[in-house]
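Engineer: sequence unknown, structure follows:
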């Protein structure tokens, strides 16, 4: 009802049909800092008031595909020092067709061959496209984008 009131001046006599969002798994994009504690890496975001890191393992607002990626990537980070070391940030994107893309942002230099090997390994393990960004370079394994389709009509 509130949406109809707000748009009434612009849409005049158009009949609106409003649909509510699902309470969970509605976001197709998530971005987290990686917080290192010893040999362990954690997904983190920051408390807006205290600026303290808040560690999470799952993000229920994100799609189920993103939550699965978070879990699978965390397991891969535990086992692979090259993947984990100096990883600064992770961006996860999915579409409603189940495709996914991860972007790993690092604060270190490696040779292109090392990055491409890491990306190929992750693409196979996680069944998603992989982008690795580091020190002004960008390495893509698979595609660097996803396509979302919607049926209208």
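Structural biologist: Perfect, thanks for sending it. Keep in mind that this is a model prediction, so the values were computed, not measured.
Engineer: now this protein, which segments are flagged as low pLDDT?
Structural biologist: Along the chain, the model assigns pLDDT under 70 to no residue.
Engineer: ok, what's across the strand from the residue most central in space within it?
Structural biologist: Ranked by distance to the mean C-alpha position of the chain (C-alpha atoms, centre = their mean), the top residue is residue 92 at 1.4 Å. Under DSSP bridges, the beta-bridge partners of residue 92 are residue 30, residue 102.
Engineer: Wait, a helix at residue 105?
Structural biologist: No - under DSSP: H, G, I helix; E, B strand; the rest coil, residue 105 sits outside any helix and is assigned strand.
Engineer: before we move on, back to that, is it true that the residue nearest to the centre of the chain touches residue 126?
Structural biologist: No - counting by C-beta atoms under 8 Å, residue 92 stays clear of residue 126, with 10.0 Å between them. All C-beta spots, glycine's among them, are computed from the backbone N, C-alpha and C.
Engineer: Pull up the overlap in contacts between these two.
Structural biologist: 69, 100, 102 (C-beta atoms under 8 Å, 6 or more residues apart in numbering).
Engineer: Now the first one: which helix or strand?
Structural biologist: In this structure, residue 69 is located in helix 64-79 according to DSSP states H and E.
Engineer: could you say what helices and strands that helix packs with?
Structural biologist: Of the remaining helices and strands, those touching helix 64-79 by 3 or more C-beta pairs under 8 Å, 6 or more residues apart in numbering; DSSP states H and E are strand 29-37, strand 40-46, helix 81-84, strand 87-94, strand 100-106, helix 112-126.
Engineer: any idea how far residue 30 is from the nearest residue to residue 119 once chain neighbours are set aside?
Structural biologist: Spatial nearest neighbour of residue 119, excluding adjacent residues (C-beta to C-beta, 6 or more residues apart in numbering): residue 141 at 3.5 Å. With the distance defined as C-beta to C-beta, to the nearest Å, residue 141 ends up 20 Å from residue 30.
Engineer: same deal with residue 61?
Structural biologist: 8 Å.
Engineer: do the same with residue 81
Structural biologist: Counting by C-beta to C-beta - residue 81 and residue 30 are separated by 24 Å.
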